[in-house]
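1. have a look at this prediction, sequence included:
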Amino acid sequence: MQLRYSFRVYPTTGQRAALARAFGCARVVYNDALRAREDARAAGLPFPRTGDLSKALITGAKKTPERAWLGEVSAVVLQQSLRDLDAAYRNFFDGLKSRRPRMGAPRFKSRKDTRQAVRFTANAKWKITPGGKLSLPKIGDLAVKWSRTLPSTPATVTVVKDGAGRYFASFVIETDPAADLTRMPDTNTVVGIDLGLTHFAILSDGTKIDSPRFLRRAEQKLKRAQQALTRKTKGSENRAKARTKVARAHAQVADVRREFHHQLSTRLIRDNQAVAVEDLAVKALARTRMAKSVHDAGWSQFVTMLEYKAARYGRELIRIDRFEPTSQVCSNCGVKDGPKPLDVRMWTCGACGAVLDRDINAAVNVAKAAGLAVSACGARVRRAPVPAQRSEAGTHPKRPTQPVWEQAGIPGL
């Protein structure tokens, strides 16, 4: 299994300039290769091979005055830029053949893109120094904030600059999932999860986890930062600083949301042997009037974390169909009671008379639809008052079949 570990990097002023050159050279080679292939497609010619592009756009271009500055960066960075273009075309064509989700065609990169990245493989001879710094060719030794220990020797390292001006070193690690199972022993508990907006997650055992609403809480701060950006003159240094402030505010919201997802997903995977979730149509929900709240919740990122953590630690994640009527079926008797508006949070089953909490009932049905053995007691089922049968109504005793004096043994008159 391949895992990615990211660490914050703090380059010096000179190293930032060297990284900027590396970002720019990789971007130019990528755009040149994309233009060459698009020109060949327009002319009806076959696509140039990667080897031919490497000879023409890297080796040959370094000898020309217009592209001589490509020699200022590591050749591995430029070669990996061509590999990225190959991957972009491969994903695009596989999407057309329905082998994977549909991806857009490769596009030209801009120096104004919020994310810049370069990748170094083992051929670049990068290394981690004994002092804990990351040594990269033609860049130098970068200071790294090591938050945890790498489990094995990384295969590649990617240096990323995000829109907030932060630098990260991302390592790809090959790990054995069986070696991590000792960290999370087997358990007998299972859980179904119903994702929502008011409550981020409702578990089949009756637990409700409130939605933090990180974006909603930071709206005023984001609004002020965006207003300050619009007042700055286009192309000025102050506008660039204001843009960075807006990006940092959004990055802070994304970071705290990701941390919340990590903590909750780890707890659920650790405490349960099997987890069931509903396969929600997030893209469709993001086009409704609840779009901001849907994006703020980040359901897709959370389910993705559950998926890879379950695979890593030997747990089972089950996705049920999005069209499963989890909110229409009574978890107590299984009778379908029909659709209900969103403002109905408690409802009474017309068949068995059970009073059900809408969210917890849905979580129990999610677990049952996944084939997990859960109890409906988590749905807070309680019996509603049911009229007594005619034969049971009243408190009067039944009329005796024999006279009272005969029951007492007194001779009749």
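-> It's in.

2. check contacts around the closest residue to Val76 other than its chain neighbours.
-> Closest residue to Val76 apart from its sequence neighbours, by CB to CB, 6 or more residues apart in numbering: Ala124 at 4.0 Å. C-betas here are computed from N, CA, C, even on glycine. By CB atoms under 8 Å, 6 or more residues apart in numbering, the residues touching Ala124 are 74, 76-77, 136-137.

3. do Asp141 as well
-> So Asp141 contacts 129, 131, 133-135 (CB under 8 Å, 6+ apart).

4. got the CA positions of stretch 296-305 in CSV?
-> C-alpha atoms of stretch 296-305 as CSV (Å, rounded to 0.1, in the frame of the first residue of the first chain):
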residue,chain,number,x,y,z
ASP,A,296,-18.6,23.0,4.7
ALA,A,297,-19.4,19.5,6.0
GLY,A,298,-16.9,17.8,3.6
TRP,A,299,-18.5,14.4,3.5
SER,A,300,-16.4,13.1,0.6
GLN,A,301,-13.2,13.8,2.4
PHE,A,302,-14.5,12.1,5.5
VAL,A,303,-15.6,9.0,3.7
THR,A,304,-12.3,8.8,1.8
MET,A,305,-10.5,8.8,5.1
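
5. what's in contact with that stretch?
-> Contacts with stretch 296-305, where a contact means CB under 8 Å, 6+ apart, come from 195, 197, 200, 211, 213-216, 257-258, 261-262, 264-265, 277, 280, 282, 319.

6. out of the contacts of Asp141, which is nearest to Ile360?
-> Leu134 (48.5 Å; CB to CB).

7. ok, now which ones touch Lys234?
-> Taking CB under 8 Å, 6+ apart as the definition, Lys234 has no contacts.

8. list the buried residues of stretch 247-261.
-> Neighbour-count burial for stretch 247-261, counted by 16 or more other CB atoms under 10 Å, picks out 247, 249-250, 253, 257, 260-261.

9. report the secondary structure state of Ala143.
-> strand (DSSP: H, G, I helix; E, B strand; the rest coil).

10. how near is the closest residue to it other than its chain neighbours to Tyr167?
-> Closest residue in space to Ala143, ignoring its immediate chain neighbours: Tyr10 at 4.6 Å, by CB to CB, 6+ apart. Note on Tyr10: its distance to Tyr167, by CB to CB, to the nearest Å, is 7 Å.

11. what about the two, which has more around it?
-> More crowded of Tyr10 and Tyr167, by other CB atoms under 10 Å: Tyr167, with 20 against 12.

12. phi first, then psi, for the residue nearest to the more buried one when sequence neighbours are not counted.
-> The shortest distance from Tyr167 to any non-neighbouring residue, by CB to CB, 6+ apart, is to Val9 (4.2 Å). Here is the backbone geometry of Val9 (degrees, to the nearest 10): phi -120, psi 140.
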